[in-house]
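Chemist: Need coordinates for the following:
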Amino acid sequence: MDDYRIWVTYHKDEQVSQYGLHDDDTHRIFAANRDIEGKNINEMNPVYSEMVTMWYAWKNNVRSPYVGFNHYRRQFNVSRLPGKGECQVYRIIDFGGISVYDQYARCHNVKDMDAVLSLLDKKYGKDNAYTKYIRNSNTLIANCCFLMKWADFTKLCKFFFAILDDFSAMCGCQTLDDWRKKAQADFGNNRPDYQTRVLSFLAERLISAWISVNLSPYIDGRNVAVVNYNTTKLTEAAIMSLFKHTPGCHVYVFDNSDAEPFKTKLPNVEVIDNTKGKLVDFDAELAKYPDKWERDKVKSNYGSAKHSMSIQKLMELIPGGFVLMDSDVLFKQDIGKFWDYNVACLGTEDLKHGVPLLLPFLCWLNCVKLNENGIGYFNGEKMWALSEKEPNQHYDTGAWLLEEVRRKSLPVEYVNIWDYVIHLGHGSWKDKDTDKWLEENAVLWK
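Modeler: Have a look, this model is predicted:
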């Protein structure tokens, strides 16, 4: 994927070393704090923020088939290029019961947004899709971080810079000093430097509106998957703990619980409904193995077989890759390093009954590399007590995957996952005092 460029904006020289910024084949760091060669509006960075980077790439026609934008401290990975009509974004915020308009009114000068909406109505007609989005939608594509086709990018720039220019003329503000005086007049001594960034605040909503109306946004850089059984409370706490420590994640809950389906509404959480075997009929799948009757003679872990089948399905449904987390873990720190598209998988190796496996409590699965090499997660011919051929091989979750990755010499990175999570414990969660455990570790998830 060498036909895209990601621009990374910084505005203080020390941020380059502080955040490890560097130019490479796909990334270009952009100094927004000083004049540079080429057409630029960097002197307006305190008003436009990272939009000065977009303006530079657009006006100087620094073309690439796909173009994206990150911040020095907000960066997503690219696992796949957007398809026709798609746009990868860093983060989608769900405001719950309030709209994009209402949220803006709580934080900034609502009269500015009213002025922008009047400009949209004038240019695109009353009840246009952009105005409707801002007034009614409760989700915001945040932080102006995205990846899209160059042709879409030029359309986006023409759209929102034109509205910002008209708004600037309406306000009578052209210079940086003009905008600072406006912020002082609007907010007095209440963070006037912050409120000077009015054009960037408006641009964030306009960019979100344009992408939402014209493209299909997706979050693919920080996908996380978790399998839910009868542990709704644990799963919910695990997800809340993840969000507390690692921003910008999109979580897929593979729901296998017929007794207690996962109904909790959380932002950036998508439920994949496998209740009553809608996607994977475990009974039908397990019936394919002739020695299933051995379950009473051998302490067969059929839960592991079902778990492996669930993850196998997730690899099909999330082809870009994902971090797999268990439903009974809580996080201690940011896991941003786990999304590593240079390796096939990342996590902790364990030796169980003589079989190396990748611990399933927390690991990165690069589905692009794995699927390209025909590597799956479940193998019934190897799974303990499913196979007559190798009855002594105690294959558990993650064993077949790691064996195949090594056999095909794919890159792997090993980390100590216990630096990042705590785990409720081995065995059934039903045998544990989950309420007590959650309360004792409330600081990690509440």
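
Chemist: OK, contacts around Arg406?
Modeler: Counting by C-beta atoms under 8 Å, 6 or more residues apart in numbering, Arg406 touches Val412. Where C-beta positions appear, they are placed from N, C-alpha and C, glycine not excepted.

Chemist: so where does it fall, helix or strand?
Modeler: Arg406 is part of helix 399-407 when elements are defined by DSSP states H and E.

Chemist: which secondary structure elements does the following helix or strand past that helix contact?
Modeler: Using DSSP H and E, the helix or strand that directly follows helix 399-407 along the chain is strand 412-414. Secondary-structure packing of strand 412-414 (3 or more C-beta pairs under 8 Å, 6 or more residues apart in numbering; DSSP states H and E): strand 345-347, helix 399-407.

Chemist: what's the following helix or strand after strand 412-414?
Modeler: Per DSSP H and E, the helix or strand that comes after strand 412-414 is strand 421-423.

Chemist: Now the helix or strand following that following strand: average pLDDT?
Modeler: Once the chain leaves strand 421-423, the next helix or strand it forms, by DSSP H and E, is helix 434-440. In this model, helix 434-440 has a mean pLDDT of 91.

Chemist: quick one: buried residues of helix 434-440?
Modeler: Of all the residues in helix 434-440, those buried under the rule 16 or more other C-beta atoms under 10 Å are 434, 437-438.

Chemist: Now do the same for Ser428: its pLDDT.
Modeler: For Ser428, the pLDDT comes out at 57.

Chemist: which residues touch stretch 302-315?
Modeler: Taking C-beta under 8 Å, 6+ apart as the rule, stretch 302-315 contacts 225, 227, 252, 254, 256, 272, 274, 279-280, 282, 285-286, 295, 322, 324, 360, 365, 367, 370-371, 376-378, 380, 383-386, 396-397, 400.

Chemist: buried ones in that stretch?
Modeler: Those buried within stretch 302-315 under the rule 16+ other C-beta under 10 Å are 304-315.

Chemist: helices or strands up against the strand or helix carrying Lys155?
Modeler: Using DSSP H and E, Lys155 maps to helix 150-171. Applying 3+ C-beta pairs under 8 Å, 6+ apart, one finds that helix 150-171 contacts helix 51-59, strand 66-71, helix 110-124, helix 198-214.

Chemist: Now do the strands in the stretch 1-150 of the chain.
Modeler: 4-10, 27-31, 66-71, 86-89, 92-94, 139-141, 146-149 (DSSP state E, counting those that start in this stretch).

Chemist: Which stretch among these approaches Ser17 most closely?
Modeler: strand 4-10 (10.5 Å; C-beta to C-beta).

Chemist: what about the protein, any weak spots by pLDDT?
Modeler: By pLDDT under 70, the low-scoring segments of the chain are 1-2, 79, 220-221, 290-301, 388-392, 426-431.

Chemist: and it, what are its domains?
Modeler: Taking automatic domain parsing as the reference, the chain has its domains at 4-218, 223-444.

Chemist: Give me the distance between the helix or strand containing Lys306 and the centre of its chain.
Modeler: Per DSSP H and E, Lys306 falls inside helix 302-317. Centre-to-centre, helix 302-317 and its host chain are 22 Å apart (C-alpha atoms, centre = their mean, to the nearest Å).

Chemist: okay, now the nearest residue to Asp152 once chain neighbours are set aside: neighbour count?
Modeler: Counting by C-beta to C-beta, 6 or more residues apart in numbering, Asp152 lies nearest to Leu215, which is 6.5 Å off, once chain neighbours are set aside. By other C-beta atoms under 10 Å, the residues close to Leu215 number 22.

Chemist: The one 10 residues further on too?
Modeler: Using other C-beta under 10 Å as the criterion, Ala225 is surrounded by 24 other residues.

Chemist: Quick one: the helices in the stretch 251-400 of the chain, in order.
Modeler: Here the stretch 251-400 of the chain has its helices, by DSSP state H, counting those that start in this stretch, at 282-286, 302-317, 367-372, 399-407.

Chemist: check contacts around Val421.
Modeler: Val421 neighbours (C-beta under 8 Å, 6+ apart): 325, 329-332, 361-362.

Chemist: With Asn223 instead?
Modeler: Counting by C-beta under 8 Å, 6+ apart, Asn223 has contacts 249-252, 318, 320-323.

Chemist: Just put these in JSON lines and tack on distance to Ile211 and neighbour count.
Modeler: As requested, the contacts of Asn223 are arranged in JSON lines below (distance: C-beta to C-beta, whole Å; neighbours: other C-beta atoms under 10 Å):
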{"residue": "Cys249", "distance to Ile211": "19", "neighbour count": "23"}
{"residue": "His250", "distance to Ile211": "16", "neighbour count": "21"}
{"residue": "Val251", "distance to Ile211": "21", "neighbour count": "24"}
{"residue": "Tyr252", "distance to Ile211": "21", "neighbour count": "18"}
{"residue": "Ile318", "distance to Ile211": "21", "neighbour count": "21"}
{"residue": "Gly320", "distance to Ile211": "19", "neighbour count": "19"}
{"residue": "Gly321", "distance to Ile211": "23", "neighbour count": "26"}
{"residue": "Phe322", "distance to Ile211": "23", "neighbour count": "29"}
{"residue": "Val323", "distance to Ile211": "25", "neighbour count": "24"}
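
Chemist: For my notes, please list those in TSV and give distance to Lys182 for each entry.
Modeler: Shown next, in TSV, are the contacts of Asn223 (distance: C-beta to C-beta, whole Å):
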residue	distance to Lys182
Cys249	37
His250	37
Val251	40
Tyr252	44
Ile318	45
Gly320	43
Gly321	45
Phe322	45
Val323	44
